[in-house]
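Peer 1: Quick one, what's the 3D model for this:
(one chain, ligands or ions: 1)
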Amino acid sequence: MLEIGPVILRSWEKNDLEKIHRWENDFQLMLYSRGIPHNMKPYENVVDYFDEERKNENRLHYVILLKESNEAIGTAVIRLSQWGIVRSGNIGTYIDKKYWNKGIGKIVTIALLELSFHFLNLDRCEAGSIEYNKRAHRVLEECGFKKVGVHRKSAFVLGKRWDWFFFDILKEEYLQMREDLIRKYLGDVAEDYLKKVTLS
Ligand SMILES: CC(C)(COP(=O)(O)OP(=O)(O)OC[C@H]1O[C@@H](n2cnc3c(N)ncnc32)[C@H](O)[C@@H]1OP(=O)(O)O)[C@@H](O)C(=O)NCCC(=O)NCCS
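Peer 2: Numbers count the residues shown, from 1 in each chain. Okay, the predicted model is just below:
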């Protein structure tokens, strides 16, 4: 469990699945998150997916909770991979629509970077997002990711073909900006967080 500012990231539990099923079938959430708005997924498929993923030690799935109310408001994931000695994390997240544009996405992204670099010692993180998902691109770039590539016209959504953008960040880049980023977006509680995750 990681507490950071107003949010907590903890592992998926079985009793999260009903909510996750609702989110996975939410037209707008999937339009942005996956570029698959017609994501009509029966509850049983979500359960099967959960059962498969929890056996895979390279998948770190989290539910995002609001610390104040303990309400589950979204999910986040780090998918681990290794190429030779280089360890990567592919990150993804979605947040319930009613909480968009309140600064939570940036804090969740920082949480995923903390887990990736400060806790897991990965070498790099990456994320992919569809061309029209400007909000997600803004969040990634604000958190230090750079746009590094494009798969041109590789998605078809609502009658049109779209590019898929790729972003990444290296461990050394994150560590250089880490404390400034945490102070910028955690505000008053940044020092408490930094103290909590530092051994003196
Ligand atoms: C992407 C997502 C996780 C971001 O979370 P969030 O809580 O809305 O993000 P924040 O409030 O921290 O930041 C949003 C930023 O985007 C900006 N933004 C919003 N709409 C925008 C637009 N159309 N164009 C450019 N920037 C935009 C906001 O102004 C804000 O930036 P600022 O704080 O620097 O002004 C969330 O919106 C979400 O779950 N979207 C659907 C799923 C998804 O896209 N997942 C990511 C796939 S990679």
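
Peer 1: Checking the longest helix along the chain against the ligand, do any of its residues make contact.
Peer 2: When the chain is parsed with DSSP state H, its longest helix is helix 171-186. No - Helix 171-186 stays out of contact with the ligand when judged by C-beta under 6 Å from any ligand atom, the minimum separation being 7.9 Å. Yep, even glycine has a C-beta here, placed from its N, CA and C like the rest.

Peer 1: by contact count, what packs against that helix?
Peer 2: Helix 171-186 is packed against helix 104-113, helix 190-196, with contacts defined by 3 or more C-beta pairs under 8 Å, 6 or more residues apart in numbering; DSSP states H and E.

Peer 1: List the buried residues for the first one?
Peer 2: I take that to be helix 104-113. By neighbour count with 16 or more other C-beta atoms under 10 Å, helix 104-113 contains the buried residues 104, 105, 106, 107, 108, 109, 110, 111, 112, 113.

Peer 1: Please state the offset of it from the chain centre?
Peer 2: 7 Å (C-alpha atoms, centre = their mean, to the nearest Å).

Peer 1: And the ligand, is it touching that?
Peer 2: Yes - residues of helix 104-113 contacting the ligand under C-beta under 6 Å from any ligand atom: 104, 105, 106.

Peer 1: Format those as JSON lines; extra columns: pLDDT.
Peer 2: As requested, the residues of helix 104-113 next to the ligand are arranged in JSON lines below (pLDDT from 0 to 100):
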{"residue": "104", "pLDDT": "98"}
{"residue": "105", "pLDDT": "98"}
{"residue": "106", "pLDDT": "98"}
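
Peer 1: And those residues, which is closest to the ligand?
Peer 2: residue 105 (1.9 Å; C-beta to the nearest ligand atom).

Peer 1: In contact with that closest one, which residues are there?
Peer 2: Residues in contact with residue 105 (C-beta atoms under 8 Å, 6 or more residues apart in numbering) are 93, 95, 135, 136, 139.

Peer 1: so the last one, which of the three states?
Peer 2: In this case it means residue 139. helix (DSSP: H, G, I helix; E, B strand; the rest coil).

Peer 1: State the number of residues packed around it.
Peer 2: As a burial measure, residue 139 scores 22 neighbours (other C-beta atoms under 10 Å).

Peer 1: Kindly provide the distance from the closest residue in space to it that isn't next to it in sequence to residue 141.
Peer 2: With sequence-adjacent residues excluded and distances taken as C-beta to C-beta, 6 or more residues apart in numbering, residue 139 is closest to residue 105, at 4.7 Å. Shown here: residue 105 relative to residue 141, a distance of 12 Å by C-beta to C-beta, to the nearest Å.

Peer 1: Much appreciated, bye for now.
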